[in-house]
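> next one to model:
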Amino acid sequence: MQEDIDPSTMNDEDLRKAVRSLMNMVEELSAKVVQQAEELQRLRDENNRLKGEQGKPKIKSPAKESPALSSEQERRVRKAHHKTHKQAHLSVNRVEVVVLDKHTIPNDAQFKGYEDVIVQDLDIRTQIIRFRKEKYYSKSLKRTYLATLPEGYGGQFGPGVRTWVLTLYYADGMSEPKILDFLHTAGLSMSAGQLSTLLIKDQECFHHEHTDILRAGLCSSAFQHLDSTGTHVNGTAQQCHILCNPCYTAYQTTANKDRMSLLRVLEAGADPVFQLNELACTLLIELGVTEKWRRILPTLLPSDRRYTEAELDEVLQTHLPPYADQLRKHVKEAMAIASYRSQTSFPIVKLLVCDDAPQFTHLTDQLALCWVHEYRHYKKLLPRFLVHCRILEQFAKDFWTFYRELLVYREAPSLPEAQRLQVAFETLFEPNRGYQQLDARLARTRAKKDELLMVLSHPEILLHNNPAELGARQRVRKRDVSLQARTKEGIAAWDTFQTLVETARKLGVNIFQYLSDRITQRWEMPSLAALIGERAATLSLPPGWTPR
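Numbering: from 1, shown residues only. Predicted coordinates for the structure are as follows:
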């Protein structure tokens with residue numbers, strides 16, 4: 001229920017201040033009541049679960065749905081739609097002349113050429129092949145010689161079946177039972193176990209391509225997008241990380257989503273190396289390690305030596321207190337990040353575009369925050385008074401107006417415009433609007449000024465993290481269809497093939513043809529890693545910026 005009380009209509013200044021103060025207090029208490037009610041229900045549900053009972057069922061009422069936090073309508077700038085011919089990209093495989101029955105036309109009819117009609121058709125046929133392999137035996141050498149099958153053939157199923165199975169499962173989002181039903185309908189004999197083997201086993205070639213894509217993608221630009229989403233492996237909750245830029249999308253699943261896990265993602269799954277160099281000492285300060293331990297650690301860990309995780313754990317376990325888990329965690333993070341940012345054997349990400357989750361901080365030299373994520377904090381505000389609603393509505397208009405000014409700046413960056421936008425940012429997020437919850441949120445946004453305005457010094461980056469968000473959505477859809485992977489080998493296959501599918505989509509490569517080319521070992525199509533390098537060289541970039 002919203003109440004229409006406007007203190008600005010009151011003549012008495014003291015009364016106006018008192019009413020504003022009371023209104024803000026009501027807003028704050030109302031928000032606390034909602035939070036406490038949700039927490040109380042969670043505690044009741046947990047108490048019932050511990051007693052062997054069930055909690056309150058989660059039934060959403062249409063009238064009480066939670067507010068949508070998406071900002072796509074506000075963010076998106078509508079572009080003019082140009083309709084193209086749907087069949088323009090098709091290549092004709094066969095030309096057939098349809099003859100007119102001469103008995104149905106008069107004798108004086110004259111031939112006027114042809115009228116073309118394009119028809120698309122699909123022919124799926126089962127082939128049961130019996131290979132008769134020649135066999136010879138040499139008495140002198142006591143050895144049997146047997147002919148080998150053509151490339152791509154091995155086991156009970158040919159390259160066509162393998163290509164269709166991988167495409168339907170990873171690119172088209174079909175479940176294993178539905179794929180099995182489709183194959184049975186087509187006339188093949190296959191068990192559920194055989195299908196699972198085709199999807200997971202003997203994929204080393206594609207796993208190598210996954211690594212090559214990640215390395216090529218990291219080399220293709222100085223900035224990367226990063227996001228994470230939940231994934232289950234045999235009932236255990238894990239995290240799938242999506243690393244991408246305009247040239248590629250790579251998936252990697254780890255047990256956690258802390259800084260150490262994200263660092264492994266940036267290093268393509270390699271085990272981290274640790275070093276207490278000058279950068280590590282700076283990071284120790286930023287991570288909140290006390291001055292006492294900042295003095296002691298250099299005496300325990302020489303700066304000119306790199307440690308494996310096992311070696312570092314042995315040193316820390318010997319000299320750090322047994323209860324100092326947080327201290328040990330921060331020391332390892334600082335040393336691992338410092339070693340990563342100073343090594344030369346693997347491409348280093350200079351700028352990360354992501355949301356404001358704490359695990360993303362300090363990983364890279366620079367950080368750019370997503371404006372769409374930032375606005376979600378404001379969409380969570382639910383003012384009780386109409387005057388506060390109007391204040392929030394006006395701020396929303398100002399927010400997206402400023403956002404579009406940043407979009408214009410990306411197209412034509414200049415120093416005077418960058419300086420003007422710096423001042424405009426300060427004005428927009430000045431916490432003086434009289435709605436305390438909004439003012440508190442404005443102050444928190446203002447503290448992120450450098451990260452939100454990173455586009456002023458790097459106009460090549462986007463203002464949002466949608467590329468990684470869209471990549472995460474593909475994993476969510478996969479999770480909805482298949483629920484989970486059952487083995488480490490299975491989740492590795494998920495990561496590899498989703499990387500291939502999404503990267504091929506960005507590069508305009510037909511994934512069915514690409515998988516077929518690799519399975520049959522024709523190697524006629526260039527690798528996706530090579531295409532990433534070609535795409536990076538042709539990207540439209542601002543003056544003065546080039547990919548590494």
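> distance between the biggest helix by length in the chain and the chain's centre?
Ranked by number of residues, the top helix in the chain under DSSP state H is helix 13-50. What separates the centre of helix 13-50 from the centre of its chain is 35 Å, taken as C-alpha atoms, centre = their mean, to the nearest Å.
> now for it, which elements pack on it?
helix 386-411, helix 436-446 (3 or more C-beta pairs under 8 Å, 6 or more residues apart in numbering; DSSP states H and E). All C-beta atoms are positioned from the backbone trio N, CA, C, and that covers glycine.
> just those: most buried one?
Mean neighbour count (mean count of other C-beta atoms under 10 Å) peaks for helix 436-446 among the helices and strands packed on helix 13-50, with a mean of 17.
> now do the strands in the stretch 51-200 of the chain.
135-138, 143-146 (DSSP state E, counting those that start in this stretch).
> now mean neighbour count, distance to Glu291 and mean pLDDT too, for those, in a markdown table please.
Output for the strands of the stretch 51-200 of the chain, formatted as a markdown table (neighbours: other C-beta atoms under 10 Å; distance: least, C-beta to C-beta, whole Å; pLDDT from 0 to 100):
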| stretch | mean neighbour count | distance to Glu291 | mean pLDDT |
| --- | --- | --- | --- |
| strand 135-138 | 9 | 78 | 95 |
| strand 143-146 | 9 | 73 | 95 |
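> of all those, which lies closest to Asp121?
strand 143-146 (40.3 Å; C-beta to C-beta).
> dump the C-alpha coordinates for the host helix or strand of Ala468 into PDB.
Remark: Ala468 resides in helix 466-482, with elements defined by DSSP states H and E. Provided in PDB are the C-alpha atoms of helix 466-482 (Å, rounded to 0.1, in the frame of the first residue of the first chain):
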ATOM      1  CA  ASN A 466      25.500  -9.400 -21.300                       C
ATOM      2  CA  PRO A 467      27.900 -11.500 -23.300                       C
ATOM      3  CA  ALA A 468      28.800 -13.600 -20.200                       C
ATOM      4  CA  GLU A 469      25.200 -13.500 -19.000                       C
ATOM      5  CA  LEU A 470      24.000 -14.900 -22.300                       C
ATOM      6  CA  GLY A 471      26.700 -17.600 -22.100                       C
ATOM      7  CA  ALA A 472      25.600 -18.500 -18.600                       C
ATOM      8  CA  ARG A 473      22.000 -18.800 -19.800                       C
ATOM      9  CA  GLN A 474      23.100 -21.600 -22.200                       C
ATOM     10  CA  ARG A 475      24.500 -23.500 -19.200                       C
ATOM     11  CA  VAL A 476      21.200 -22.900 -17.300                       C
ATOM     12  CA  ARG A 477      19.200 -24.300 -20.300                       C
ATOM     13  CA  LYS A 478      21.500 -27.300 -20.400                       C
ATOM     14  CA  ARG A 479      21.000 -27.800 -16.700                       C
ATOM     15  CA  ASP A 480      17.200 -27.600 -17.100                       C
ATOM     16  CA  VAL A 481      17.200 -30.300 -19.800                       C
ATOM     17  CA  SER A 482      19.900 -32.700 -18.400                       C
END
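> which residues touch Arg305?
Gln275 (C-beta atoms under 8 Å, 6 or more residues apart in numbering).
> mind telling me what element it is part of?
Per DSSP H and E, there is no helix or strand for Arg305.
> report pLDDT for it.
At Arg305, the model reports a pLDDT of 90.
> re the thing from before, so the longest helix of the chain versus helix 386-411, what angle?
80 degrees (axes from the mean of the first three to the mean of the last three C-alpha atoms, to 10 degrees).
> and the angle from helix 13-50 to helix 436-446?
Counting by the same axes, to 10 degrees, helix 13-50 lies at 80 degrees to helix 436-446.
> low-confidence stretches in the stretch 101-250 of the chain?
Within the stretch 101-250 of the chain, no stretch has pLDDT under 70.
> what would the strands of the stretch 51-200 of the chain look like in CSV with distance to Ser482?
What follows is these, written out as CSV (distance: least, C-beta to C-beta, whole Å):
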stretch, distance to Ser482
strand 135-138, 42
strand 143-146, 39
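> nearest to Lys56, out of those?
Among the strands of the stretch 51-200 of the chain, strand 143-146 sits nearest to Lys56 (C-beta to C-beta), with 66.9 Å.
> that closest one pairs with which strands?
strand 135-138 (antiparallel) (DSSP bridges).
> burial count for Val233?
Val233 is flanked by 19 other residues according to other C-beta atoms under 10 Å.
> sorry, slip of the keys, the one I care about is Tyr514.
Under the criterion other C-beta under 10 Å, the count of neighbours that Tyr514 has is 22.
> show me what contacts it?
Counted by C-beta under 8 Å, 6+ apart, Tyr514 has contacts Leu500, Ala504, Met525, Leu528.
> which stretch of helix or strand covers it?
Assigned by DSSP H and E, Tyr514 falls in helix 511-519.
> just to revisit the earlier point, out of the strands of the stretch 51-200 of the chain, which is closest to Pro159?
Closest among the strands of the stretch 51-200 of the chain, using C-beta to C-beta: strand 143-146, at 20.6 Å.
> picking that back up, for Glu53, find the nearest of the strands of the stretch 51-200 of the chain.
Here strand 143-146 is closest among the strands of the stretch 51-200 of the chain (C-beta to C-beta), at 65.5 Å.
> Arg328 contacts Thr318, doesn't it?
No: the criterion here is C-beta atoms under 8 Å, and Arg328 misses it with Thr318 at 11.7 Å.
> how does this protein divide into domains?
Following automatic domain parsing, the chain resolves into domains at 271-342, 371-456.
> any chance of TSV for the ones you listed, columns distance to His208?
What follows is the domains of the chain, written out as TSV (distance: least, C-beta to C-beta, whole Å):
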stretch	distance to His208
domain 271-342	19
domain 371-456	34
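> these: which one's closest to Val33?
Among the domains of the chain, domain 371-456 comes nearest to Val33, with 10.8 Å by C-beta to C-beta.
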